[in-house]
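Engineer: What follows is a protein structure lacking sequence information:
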């Protein structure tokens, strides 16, 4: 690619992808904001079950990018997969709208529509997610790869502008409570319909503008059918095609089955979580078995794998926003915000709002540090992100320590948590996307984004598991008291509940025992939040210690 083709600013195609991703994230995060509340209040599920479904759903959403990346790299191309994924997600949201419209008259059909909707959204996200990220990286020729951290931070602002709008509008129309404090469980459908409309808009934006703006500096369309690629699409000396041997493919299949059996039977994971973990490990092994990889390429891919492992712990903590933190906002938080009673599903809006506010300053910070030759390498930025999320949970743990069963957490502490977690996110998530773009061989670009998103999938699966160990919040004790049951005595095992009392607790979605995590009983919210402090704090320390090794394996790429 000639030097004359290199532009000094960011290409206009970045803003097309920015807009497309913005509407897709409106769709996704708007739905996410109200999903668990819909499952609990309309489809009558327990909070524990809703958290597991939520974690499994998000995990599968980031497992299918592996498939979507493979299909794009080999058959359909990035563009077609983005359009297909967008249409599928719009249809999925529409099915959720119908599910939320009929649950009162046909609960069985409503559940069937809900599961069908989540399945379609899972595969739609798989086609969409890795390919739009891959196209951001493709916009920049080799001479401009240093701009990718800034480009992905700008792109990430689009993600969170969409998340902010979705978390604002979908709860306003879908999570409605009357003046008496009673939730209108029939309103969820309007939130899902708004999410569907947003996805249609995003898909249309991409379809109309892709040919004009999503192009190389020479004007050649990006992301077309792989069979139309030529040597100019690759760096000098780079292989244009992956070369998986028959033995490597068989080995990956055997590894998938063996790992799946170990994860399912030894570690007692459900089938969805087993699929996520075993797929990620076996695919990672398959890619590095490619005989066309050079030593430098293989080293750089190992950096992606190592960083992806630590990102699991970040997302496991961060994605409590849609499950345990939403339940706490609903049940044990004073949500009075300057005289307005904020819907519980809207509290997480502050994350998207803060990202929109701080994405550009963070981008400017990286540019400034780069100009002074003091910019930290990407893994070190991500270690900072993990340390910040540990700090956010330590602060919230300290503030819930003395709440007891009836005290309410001030909303300012959840807002502070989302502020700190936003800074953590900006140090970690867009930097990770950029790192994959820098380190991936082009023939593996979309597939390695799929592998990278498997770390998100694993994190979300772990988030579901961790969310399910949240102990009873204040509303459960109030409800149990109304039923004539001393829930605290039951949990402390000082009182043995009768069969009738156990039935009453189960009917009202109240657990009769404290949750257990790795052999430790979780008695209260302080202990619950300290689990996240320990996990993310240790991950930060270990990743920071590994950065000198990772720097060598990156072979000059920062």
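Structural biologist: Cool, got the structure. Note that the coordinates shown come from a computational prediction; the quantities given were computed from them, not determined experimentally. Numbers count the residues shown, from 1 in each chain.
Engineer: How about the residue nearest to the spatial centre of the chain, nearest residue that isn't a chain neighbour?
Structural biologist: Compute the mean C-alpha point of the chain, and by C-alpha atoms, centre = their mean the closest residue is residue 456, 5.6 Å away. Once flanking residues are discounted, residue 456 sits nearest to residue 62: 4.0 Å by C-beta to C-beta, 6 or more residues apart in numbering. Bear in mind the C-beta positions are built from the backbone N, C-alpha and C, glycine included.
Engineer: Phi and psi next, for that neighbour.
Structural biologist: The phi/psi pair for residue 62 (degrees, to the nearest 10) reads phi -110, psi 10.
Engineer: and the residue nearest to the centre of the chain, what pLDDT?
Structural biologist: pLDDT for residue 456: 82.
Engineer: my read: it touches residue 315, true?
Structural biologist: Yes: at 5.4 Å, residue 456 and residue 315 qualify as touching, with contact defined as C-beta atoms under 8 Å.
Engineer: if you average pLDDT over stretch 114-123, what comes out?
Structural biologist: Mean predicted confidence for stretch 114-123 is 96.
Engineer: which of the residues in that stretch are buried?
Structural biologist: The neighbour-count check on stretch 114-123 (16 or more other C-beta atoms under 10 Å) flags 114, 116, 117, 118, 120, 121, 122, 123 as buried.
Engineer: coming back round to it: and the residue nearest to residue 456, how far is that from residue 47?
Structural biologist: With distances taken as C-beta to C-beta, to the nearest Å, residue 62 is found 23 Å from residue 47.
Engineer: With residue 127 instead?
Structural biologist: In terms of C-beta to C-beta, residue 127 sits 31 Å off from residue 47.
Engineer: One more: residue 272?
Structural biologist: With distances taken as C-beta to C-beta, residue 272 is found 18 Å from residue 47.
Engineer: The two: who's more crowded?
Structural biologist: Between residue 272 and residue 47, counted using other C-beta atoms under 10 Å, the more crowded position is residue 47 (26 against 19).
Engineer: From residue 510, how far out is the more buried one?
Structural biologist: Look at residue 47 and residue 510: by C-beta to C-beta, they are 9 Å apart.
Engineer: next one: residue 56
Structural biologist: Per C-beta to C-beta, residue 56 is found 23 Å from residue 510.
Engineer: And residue 265, by the same measure?
Structural biologist: 31 Å.
Engineer: Tell me which of these two has more neighbours.
Structural biologist: residue 510 (21 against 10).
Engineer: Hmm, that one is touching residue 479, no?
Structural biologist: Yes: taking C-beta under 8 Å as the definition, residue 510 is a contact partner of residue 479 at 6.4 Å.
Engineer: Contacts for stretch 88-102, please.
Structural biologist: Stretch 88-102 is contacted by residues 24, 27-28, 31, 38, 42, 109-111, 113-114, 116-121, 123-125, 127-128, 186, 188-189, 192-193, 195-196, 199-200, 203 when judged by C-beta atoms under 8 Å, 6 or more residues apart in numbering.
Engineer: Just the buried residues of these.
Structural biologist: 24, 27-28, 31, 38, 42, 110-111, 113-114, 116-118, 120-121, 123-125, 127-128, 188-189, 192-193, 195-196, 199-200, 203.
Engineer: Now intersect the residues you listed with the helices, please.
Structural biologist: In helices, defined here by DSSP state H, the members of the buried ones among the contacts of stretch 88-102 are 24, 27-28, 31, 38, 110-111, 113-114, 116-118, 120-121, 123-125, 127-128, 188-189, 192-193, 195-196, 199-200, 203.
Engineer: what about the strands in the chain?
Structural biologist: Ranges of strands within the chain are 176-177, 183-184, 333-334, 336-337, 340-341, 409-410, 516-517, 520-521, based on DSSP state E.
Engineer: Just send those strands back as TSV, with distance to residue 86 and mean pLDDT too.
Structural biologist: Shown next, in TSV, are the strands of the chain (distance: least, C-beta to C-beta, whole Å; pLDDT from 0 to 100):
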stretch	distance to residue 86	mean pLDDT
strand 176-177	28	86
strand 183-184	30	88
strand 333-334	35	93
strand 336-337	34	92
strand 340-341	34	88
strand 409-410	38	94
strand 516-517	38	90
strand 520-521	43	92
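Engineer: could these be laid out in CSV, adding distance to residue 279 and mean neighbour count?
Structural biologist: Formatted as CSV, these follow (distance: least, C-beta to C-beta, whole Å; neighbours: other C-beta atoms under 10 Å):
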stretch, distance to residue 279, mean neighbour count
strand 176-177, 39, 15
strand 183-184, 37, 15
strand 333-334, 37, 18
strand 336-337, 42, 12
strand 340-341, 43, 10
strand 409-410, 38, 17
strand 516-517, 24, 12
strand 520-521, 29, 12
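Engineer: where does residue 411 sit relative to residue 399, distance-wise?
Structural biologist: 11 Å.
Engineer: Same question for residue 96.
Structural biologist: 34 Å.
Engineer: Looking at the two, which one has more neighbours?
Structural biologist: Ranked by neighbour count (other C-beta under 10 Å), residue 96 and residue 399 place residue 96 first, with 28 against 19.
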